[in-house]
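>>> predicted structure and sequence below. I'll ask about it afterward.
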Amino acid sequence: MLGFVPHRQPTNHLMKGLHMDLALFERVSEHEWCIKPFGKMRVPGVIFASEALLREMDAKVYEQVANVAMLPGIVGASFAMPDAHWGYGFPIGGVAAFDADAGGVVSAGGVGFDISCGVRTLLTGLRVEDIDKVKARLAEALYRAIPAGMGSTGAIRLDATEMDRMLKGGARWAVERGFGSEADLARIEEGGCMKGADPAQVSEQAKKRQRDEMGTLGSGNHYLEIQQVTDVYAPDIAATFGVKVGDIVVSIHCGSRGLGHQIGTEFLKRMVIAAPGHGIELPDRELACAPIDSPLGKEYLGAMRAAINCALANRQILTHLTREVFAQIFDKHLPQARLPLLYDVSHNTCKVEEHEVDGRIKKLYVHRKGATRAFGPGHPDLPKELRDAGQPVLIGGSMGTSSYILAGTEQGMGIAFGSACHGAGRAMSRHQALRNWNGSRVVDDLAGHGILIRSPSMRGVAEEAPGAYKEVGAVVDAADQAGLARKVARVVPLVCIKG
Amino acid sequence: MTTAARWEHFPHQADIGVRGLGATLAEAFEQAALALTAVIIDPAEVAPKEMLRISCEAPDAELLLADWLNKLIYEMATRNMLFSRFEVQLDGNSLSAQAWGETIDVARHRPAVEVKGATYTALKVAQQPDNTWLAQCVVDV
């Protein structure tokens, strides 16, 4: 059912795709590459990247960006961020907005399985010299306190009533239950509570899958890191964010756990089966979607928003556990270690936002799949104290390499609905990584560089070895130069708890 | 089990693909389930102590494969179990199966990664030129 034949289809579609053919694009500017509409594409495709990043990008991204452009009601263009790679249906790093009034769709595939997977960064008030002597103790204590990896369970069990309250309330529910403070909520997208969540649309199976998973980190690329700020690029914004060179911060990367995965699984199937009845021709079954105004579309939105709240509540509980560990270790001699929240961003979401389209403000359903919301200065959704600086955009690197803090820009609001990249992206498969690295040796090597890794699985560590990921610096530079978000600071890990 | 029965993984840039091969479609589904377990742990390290019955149905064989793997992912997550032996019976697009496994012991099993879901990417169920069956898809980890 593909509406076109890709110019360079790999002979075996199961192999890693070929690198990108630049001749397929019109170069609009240094960092913007356009795919002119062809076949059933309703809008152009746009990839933001340096020439080097685009050249290295999997050719599958081209096909996926074009496929998304075929979906009903898409507005503007089908976008891909500089870290884009071959995903499911949407490329990972894909952004697309839909207009309900123009028959627009909401796509379970476009949000993905790990709904609202995201990153939050906590300030600590500590300096690198405060950490040195207690680093190993801190690593052990965090590893004991944070349930990580498959088979780990959280300490919190929710009964049916409390589960529904959590799904409605998100991080606000968590704060009301004593996990963190009111001040945290202003530093989370949606004020920590996604409106329109409908726990009744979340299946019993999804709720059951979450029963033992509140306050757990998960596995794969999820982590909790203690990081040191090594560089500041925009001192004024960094000062507003409260970061300076030598500061210690903590970052947590995880999502909506089993509940989100189950919702993604169930609605993907339902939307694939219902698509012909909705008159939707899917260029790829993974792009499963339903009209925003259809009963199925509304049910998904209610369930997906509940999963966003689950992710926000989960990161809030993990924050509380982290604060408890820091309090145990630092309370006596460094009581300033209180760990206020800098910001919390979500990567896999569909959100209703107002954006200017052809000079008019429109209400759009913005899908970000492996992409970060990056609202610019002055946006009303930002807390007062961040409004002049723009939204903090937290970009996770791989285990053992840099992560970055960026800020949303005014220019970015007009480019890709206020969106930026989200991370490094894998450079090779898990399989290849296992062949290249031994987990224990990766841990030893990183320890030699002052980075302590704690993980229940050495095979997991090998699969997530730093060399298995692309260099995130190039991705961040491209996002900065394309005007999507502005580079503010660079951090490197000192301790990494890996699921 | 026939001589055609085997499983393998295939690369996907962000995740991993599972592929089962067999003399029959049911056997290919069994092998795909073994490939799923192998994403997490060597199946030889999982003792087939407890048996669980699983059934599902879907409009076509490919969606049925994704459903079968997703049922196993669900049972692994909610029962905190790993599975290493499978018997699948197919009746049109209905599947009934038995899966044998044991409770996860994190210290002993050291599971590498948790699988979030079976995707429709590189999803394929087909009889090959040599008459053996292939059942595969990418799983999100």
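Okay, I see it.
>>> neighbours of residue 57, how many?
Unless you meant another one, I'm taking chain A. Residues near residue A:57, counting by other CB atoms under 10 Å in any protein chain shown, number 27. Placement of C-beta: from N, CA and C, glycine included.
>>> the intended chain is chain B.
Residue B:57 has 13 neighbouring residues, counting by other CB under 10 Å.
>>> which residues does it contact?
By CB atoms under 8 Å, 6 or more residues apart in numbering or on different chains, the contact list for residue B:57 reads B:64, B:67, B:93, B:94, B:95.
>>> and if we set it to 7 Å?
B:64, B:93, B:94, B:95 (CB atoms under 7 Å, 6 or more residues apart in numbering or on different chains).
>>> try residue A:201
Residues near residue A:201 by CB under 7 Å, 6+ apart: A:299, A:302, A:303.
>>> of all these, which comes closest to residue B:43?
Minimum distance to residue B:43 across those is 33.3 Å, recorded for residue A:303 (CB to CB).
>>> what score does the residue in chain B sticking out farthest from the centre have for pLDDT?
What lies farthest from the middle of chain B is residue B:107; by CA atoms, centre = their mean that is 23.8 Å. In this model, residue B:107 is scored at 90, pLDDT.
>>> and it, how close does it get to residue A:218?
Noted for residue B:107: a distance of 19 Å to residue A:218, by CB to CB, to the nearest Å.
>>> over to residue A:404?
Between residue A:404 and residue A:218 the distance is 22 Å, computed by CB to CB.
>>> list the first helix or strand encountered after the helix or strand residue A:329 falls within toward the C-terminus.
With elements taken from DSSP states H and E, the one containing residue A:329 is helix A:295-330. The element immediately downstream of helix A:295-330 (helix or strand, assigned by DSSP H and E) is strand A:341-346.
>>> so what touches that next one?
So strand A:341-346 is contacted by A:116, A:118-123, A:184, A:187-189, A:241-242, A:308, A:311-312, A:315, A:319, A:372-373, A:392-394 (CB under 7 Å, 6+ apart).
>>> relative to helix A:295-330, how tilted is it?
Counting by axes from the mean of the first three to the mean of the last three CA atoms, to 10 degrees, strand A:341-346 lies at 150 degrees to helix A:295-330.
>>> tell me where the model's unsure across chain A.
Applying pLDDT under 70 to chain A flags the ranges A:1-17, A:332-337.
>>> report the central residue of it.
Closest residue to the average C-alpha location of chain A: residue A:347 at 2.6 Å, with CA atoms, centre = their mean.
>>> that one is in contact with residue A:373, isn't it?
No. The criterion here is CB atoms under 7 Å, and residue A:347 misses it with residue A:373 at 8.9 Å.
>>> low-confidence ranges in chain B?
Residue ranges of chain B with pLDDT under 70: none are present.
>>> chain A contacts on that one?
Counting by CB under 7 Å from any CB of the partner chain, chain B comes close to chain A at B:9-14, B:16-17, B:40, B:59, B:63, B:70, B:74, B:77-78, B:80, B:104, B:106, B:110-114, B:116-117, B:119-122, B:140-141.
>>> report the buried members of those.
Buried members of those, scored by 16 or more other CB atoms under 10 Å in any protein chain shown, are B:9-14, B:16-17, B:40, B:63, B:70, B:74, B:77-78, B:80, B:104, B:106, B:110-114, B:116-117, B:119-122, B:140-141.
>>> from the residues you listed, which land in strands?
If you go by DSSP state E, those have B:9, B:10, B:11, B:16, B:17, B:117, B:140 in strands.
>>> got a list of what the residue lying closest to the third one once chain neighbours are set aside touches?
Leaving aside its chain neighbours, residue B:11 sits nearest to residue A:429 (3.5 Å; criterion: CB to CB, 6 or more residues apart in numbering or on different chains). Residue A:429 makes contacts with A:16, B:11, B:12, B:13, B:16, as judged by CB under 7 Å, 6+ apart.
>>> ok, so of those, who is nearest residue A:79?
Closest to residue A:79, out of all of the contacts of residue A:429 and judged by CB to CB, is residue B:13, at 18.9 Å.
>>> moving C-terminal from the longest helix seen in chain B, which element do we reach first?
Longest helix in chain B, counting residues (DSSP state H): helix B:61-79. Following helix B:61-79 in sequence order, the next helix or strand is strand B:81-91 (DSSP H and E).
>>> SS state for the spatially most central residue of chain B?
Geometric centre of chain B, nearest residue: residue B:33, 1.5 Å, by CA atoms, centre = their mean. Put simply, residue B:33 is helix when judged by DSSP: H, G, I helix; E, B strand; the rest coil.
>>> for residue A:258, see how far away it is.
Using CB to CB, we find residue B:33 at a distance of 19 Å from residue A:258.
>>> got it, and residue A:21?
Distance, residue A:21 to residue A:258, using CB to CB: 40 Å.
>>> between those two, point out the one with more neighbours.
Neighbour tally, residue A:21 and residue A:258, criterion other CB under 10 Å: the higher count belongs to residue A:258, 26 against 14.
>>> chain neighbours aside, what residue packs nearest to residue A:427?
Closest residue to residue A:427 apart from its sequence neighbours, by CB to CB, 6+ apart: residue A:470 at 4.7 Å.
>>> next, count neighbours for the one you found.
Residue A:470 has 22 neighbours, counted by other CB under 10 Å.
>>> who are the contact partners of it?
Going by CB under 7 Å, 6+ apart, residue A:470 touches A:424, A:425, A:427.
>>> quick check, the second one in contact with residue A:85.
Yes. The pair residue A:425 and residue A:85 passes the contact test of CB under 7 Å, sitting 4.5 Å apart.
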